[in-house]
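Q: below is the structure, and that's it, no one-letter string:
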């Protein structure tokens, strides 16, 4: 079980590396929040193994990415950042509705 948990915890690493390199290159707030979201996903794997309820980890992860998109749009006015925030908000709403159904 521990090997499976480590494998599951390692799945956000490529996303963390991508957002980390993008942040170093462009210094966008949305990339920094992407890094935070990836770190949260890694920690969430271990928190669930330690007994924390898993239903609030995904909303926080998607909410963090959406917030980063909105903050970057407010700073730079790039429409792509607004689209990113809106898409992640829709995903967040869908995840919350699906979790409510459980």
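A: Everything's here; your move. In this text the structure is predicted, and so the values were computed from the model without any measurement.
Q: quickly find the element holding residue 24.
A: helix 13-26 (DSSP states H and E).
Q: mean confidence for that helix?
A: The average pLDDT within helix 13-26 is 93.
Q: just checking, what packs against that helix?
A: Judged by 3 or more CB pairs under 8 Å, 6 or more residues apart in numbering; DSSP states H and E, helix 13-26 is in contact with helix 29-49. Any C-beta I mention is one placed from the backbone N, CA and C, and that applies to glycine too.
Q: what does the helix it packs on contact?
A: Helix 29-49 has contacts (CB atoms under 8 Å, 6 or more residues apart in numbering) with 5, 8-13, 15-16, 18-20, 22-23, 54, 57, 60-62, 64-65, 67-69, 71-72, 75, 81, 84-85.
Q: what average pLDDT does that helix get?
A: Mean pLDDT, helix 29-49: 91.
Q: may I see the buried residues of that helix?
A: 29-38, 40-42, 44-45 (16 or more other CB atoms under 10 Å).
Q: repeat for stretch 49-59
A: Buried residues in stretch 49-59, counting neighbours by 16+ other CB under 10 Å, are found at 57, 58.
Q: same check, this time on stretch 59-68
A: Neighbour-count burial for stretch 59-68 flags 61, 62, 63, 64, 65, 66, 67, 68 (criterion: 16+ other CB under 10 Å).
Q: from the contacts of helix 29-49, list just the buried residues.
A: Among those, those buried by neighbour count (16+ other CB under 10 Å) are 8-9, 12, 15-16, 19, 22-23, 57, 61-62, 64-65, 67-69, 71-72, 81, 84-85.
Q: so which of those residues belong to strands?
A: Members of the buried ones among the contacts of helix 29-49 lying in strands (criterion: DSSP state E): none.
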